[in-house]
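Colleague: Turn this into a structure:
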Amino acid sequence: MKIALVSPRGQERNQQDNLILEVYRALKDNLIFMVDDTEFIPNLGLLSIAACAPGHDYRFIEEDYLPLEQTEKVLFGENFDLAAISATNYQAVRGYQIADRYRELGIPVVMGGLHPSALPQEALSHCDAVVVGEGEESFPRLLEDFARGELKPLYRAAQRVDLTQVPAPRYDLIPNPERYNKFPVVASRGCPHNCEFCIFPSLWGREFKHKTVEQVVEEIRLIKQIATNPHIAFVDENLLVDKNFAKQLVKALIPLEIAWECFCDIGVADDDELLKLLAGSGCEELLIGLESPMASTLSAVDPWKAARVEQYPERIKKIQSSGLPVTGLFIVGFDQEGPEIFRELRNFILKTRLADMDFAVLTPMPGSRLYDRLAAENRITSRDWSRYTWQHVNFKPLKMKGEEIEKGLLWLFKEFSRPELWEKREPAS
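Modeller: Just a heads-up that it's a prediction; the model follows:
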């Protein structure tokens, strides 16, 4: 069976043509975030489900990386038996357009990913079946039903997927590996925290589970077969939360001589042995969801973080003094915060001398507790999923206007595009 594996073009994001999100475009005159800081990374979900259903002829198509003049031919120029489309929220509108076109051509469509998993009935108006949540077990079952002419509208995992039993993703399906500057690996799923804005507790559950260290090492070796000196991006929600597993994994990464990064929480600062291992393993960046420097905010978002916010500065200092750059991830627009938050964030970043940072607008992603709460309070102002880029305000804020939040976000990016501020926040050697 010939199957198209499609990742739609994201709204306001055409990496092939180096277009940057709307909030960045206003910075074109003084922006220092150039191409080297743009992430080019393939869709791991599609590569993973293909590995779980071998014996088919797959075409891996990422529209973000196609020149516009080639899009029509690559997407619709072959007579596929089935199209499988994976979409996160800001890809949903384009994903539905592609699905509708395939069906007009007589090609059945299945959809999965964050957005269809959260809103399967909406997705079913554009496709023939939806895979909800983990797809390693349900996608092969879907293909078996399809081959028998018995396709069902919804497929869910019968039980939580055992990651120690899943095969390595089909990295070999990537047609042009040289176009990417990062390659994704997942070693685990689940995060014990329960941040209100996060979709993953409902999607994966909060119980932490992981692959074997040997599996992860083998996946990296497969990547090294298709890419020279690849930068590995662990896209797990919270890779280092299980300290025993983290230490075993990091020890195994050392002889691979790779550059890598991961998401984790501030609790990594509490383990001196792990910090030492990380520093000698090729880890170039720890991306930590700090969200806000305000305890009142974090109390409503995640009490675990609220209990540690006062120690954020000393813990960041400890991590970076170990030789591990921290990228602080922040969100603006929480109910507890007014316009003062933007300057508070600026001062916090300068005080802690964070190596890097990223800012986002609070976004009520379908499937999250935040979305459910704001919908119940009648505060969702837009369900135009193309605006769900973490750059637009799609709800009624309490202490600011939506325009204030977006302007404040832009101000933060402008502030930290100034070389003198970069110098001020460089970690002490």
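
Colleague: Residue 293 touches residue 343, doesn't it?
Modeller: No. Assessed by CB atoms under 8 Å, residue 293 is found out of contact with residue 343, at 11.1 Å. In this view, the C-beta of every residue, glycine as well, is placed from N, C-alpha and C.

Colleague: more crowded one of those two?
Modeller: Ranked by neighbour count (other CB atoms under 10 Å), residue 293 and residue 343 place residue 293 first, with 21 against 13.

Colleague: what's the distance between the host helix or strand of residue 246 and the middle of its chain?
Modeller: Using DSSP states H and E, the element containing residue 246 is helix 243-253. The chain centre lies 22 Å from the centre of helix 243-253; the measure is CA atoms, centre = their mean, to the nearest Å.

Colleague: Kindly report the same for stretch 291-298.
Modeller: Centroid displacement of stretch 291-298 relative to its chain, using CA atoms, centre = their mean, is 22 Å.

Colleague: Alpha carbons of that stretch, as PDB, please.
Modeller: The C-alpha coordinates for stretch 291-298 follow below in PDB (Å, rounded to 0.1, in the frame of the first residue of the first chain):
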ATOM      1  CA  GLU A 291       6.700  30.200  32.900                       C
ATOM      2  CA  SER A 292       6.800  33.200  35.300                       C
ATOM      3  CA  PRO A 293       8.900  34.700  38.100                       C
ATOM      4  CA  MET A 294       5.700  35.400  40.100                       C
ATOM      5  CA  ALA A 295       4.700  33.000  42.800                       C
ATOM      6  CA  SER A 296       1.000  34.100  42.600                       C
ATOM      7  CA  THR A 297       0.900  33.100  39.000                       C
ATOM      8  CA  LEU A 298       2.600  29.800  39.400                       C
END
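
Colleague: Can you name the element that comes right after the helix holding residue 246?
Modeller: Next element after helix 243-253 (DSSP H and E): strand 259-264.

Colleague: which strands and helices sit next to that following strand?
Modeller: Packing partners of strand 259-264 (3 or more CB pairs under 8 Å, 6 or more residues apart in numbering; DSSP states H and E): strand 231-234, strand 283-291.

Colleague: mind putting those in a markdown table, distance to residue 153, mean neighbour count and mean pLDDT included?
Modeller: Below are these laid out as a markdown table (distance: least, CB to CB, whole Å; neighbours: other CB atoms under 10 Å; pLDDT from 0 to 100):
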| stretch | distance to residue 153 | mean neighbour count | mean pLDDT |
| --- | --- | --- | --- |
| strand 231-234 | 34 | 22 | 98 |
| strand 283-291 | 35 | 22 | 97 |
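
Colleague: right, so of the ones you listed, which gets closest to residue 271?
Modeller: For residue 271, the closest of the helices and strands packed on strand 259-264 is strand 283-291, at 12.6 Å, according to CB to CB.

Colleague: State the mean pLDDT of the helix or strand hosting residue 96.
Modeller: Secondary structure from DSSP H and E places residue 96 in helix 92-104. What helix 92-104 shows for mean pLDDT is 97.

Colleague: Show me what it is packed against.
Modeller: Packed next to helix 92-104, using 3+ CB pairs under 8 Å, 6+ apart, are strand 2-7, helix 68-76, strand 82-86, strand 109-112, helix 114-118.
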